[in-house]
Structure formats: C-alpha cells, structure tokens
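*Asks:* Give me the fold of what follows.
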Amino acid sequence: MKSFLYTIFICALLVACNSTKNNKVVEERKPSIENDTITISNEELEYEITIIETGFSSWFATRAKPEGFYSQDYLENKNHLFVDAWNTRVLNPNQYDPNLYEMQINYEYGVDYGYDVNYKLYNYFIYFQLKYKQKLAGFIPRN
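*Replies:* Numbering: from 1, shown residues only. Sure, this is the predicted structure:
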C-alpha cells in the first residue's frame, strides 16, 4: 500500500513539475526555409541537390570565395575527397553522428556536373566542416 502511495505521489510530482514549464518551445520561431535553401542543379544531366541548412545561404553569399576563384578541376578533386569521406560516415552511424550524416551523396567519377554544381557543393562542404567542426579531408578548412 505504501509503495502504491509513493508511486502516486511521484507521478503527481512529475505532472506538477511538467505543468510549470514555460511554453517557449511552442512559441519558438521555426527557421525560414526559403532563405536557407540552395538548389544545386545541372539540367543537362538532370541532377539536383537541395540544401536546407540554417545559415548556409547567408554564409554562402558573404563568405564563399567568388565564382571563378577555383578551377573546376580543383573543385572536382576536392568534392571527390569530401563525398568519399561523407559517404563513409553515412555508412558508419555508430561511429559518426547520424544526425549530421543522413544521406549518401551520389557523385560519380568521370561525370561532368559543371562548374556551378561543383562550386556550390564544395562551398557546402566547407560550411559544414566549419559549422560542425568536422574534418572530411584531414583538416578543418579556414574560412
């Protein structure tokens, strides 16, 4: 009987504690997806990546090196390294945070995705590594 009363007392205490919480979670604004979405596509290859990452579009607009700064060969080589590391982490959810590495990236060798796709993908990898302090290619890049 005493254990039953203790159980009821603990449940009542938990309910009372939960009822006094602030409702700020309900009132919290959701990030604006429209402003934080960048689409990477190459219509000739019917290839598209949509990046929805809070803060990426503003980082990309203000901190990314200008288009033409890197050659396409440089971007392709870096992207191959980053994609290989990314996909390895997706396949190892026990070793790497599955909330960071959710989906594999299908980036094939020998396919010319074009400068725009390589440029935006490369910059996303740079942003991702800086924001989450990850090392996809052996080092965290400088901004």
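*Asks:* what stretches of this protein score poorly on pLDDT?
*Replies:* The model of the chain has pLDDT under 70 over residues 1-48, 140, 142-143.
*Asks:* can you give me the strands for it?
*Replies:* 37-42, 47-52 (DSSP state E).
*Asks:* Against residue 118, how distant is residue 72?
*Replies:* For residue 72, the distance to residue 118 (C-beta to C-beta, to the nearest Å) stands at 6 Å. (Each C-beta comes from the backbone N, C-alpha and C, glycine too.)
*Asks:* So what's the residue count around residue 109?
*Replies:* A total of 7 residues lie near residue 109 under the criterion other C-beta atoms under 10 Å.
*Asks:* my read: it touches residue 81, true?
*Replies:* No: between residue 109 and residue 81 no contact is recorded; they are 11.8 Å apart, counting by C-beta atoms under 8 Å.
*Asks:* Enumerate the beta-bridge partners assigned to the nearest residue to residue 124 once chain neighbours are set aside.
*Replies:* Excluding the flanking residues, the one nearest residue 124 by C-beta to C-beta, 6 or more residues apart in numbering is residue 51, at 5.5 Å. Following DSSP bridges, residue 51 is listed with bridge partners residue 38.
*Asks:* pretty sure residue 51 is touching residue 125, no?
*Replies:* No: taking contacts as C-beta under 8 Å, residue 51 lies outside contact range of residue 125: 10.6 Å.
*Asks:* which one of the two has more residues nearby?
*Replies:* residue 125 (22 against 18).
*Asks:* And the more buried one, how far from residue 94?
*Replies:* As for residue 125, its distance to residue 94 is 23 Å (criterion: C-beta to C-beta).
*Asks:* picking up where we left off before, neighbour-wise, which of residue 72 and residue 118 wins?
*Replies:* More crowded of residue 72 and residue 118, by other C-beta under 10 Å: residue 118, with 24 against 15.
*Asks:* wait, that one sits on residue 73?
*Replies:* No: counting by C-beta under 8 Å, residue 118 does not reach residue 73; the two are 9.3 Å apart.
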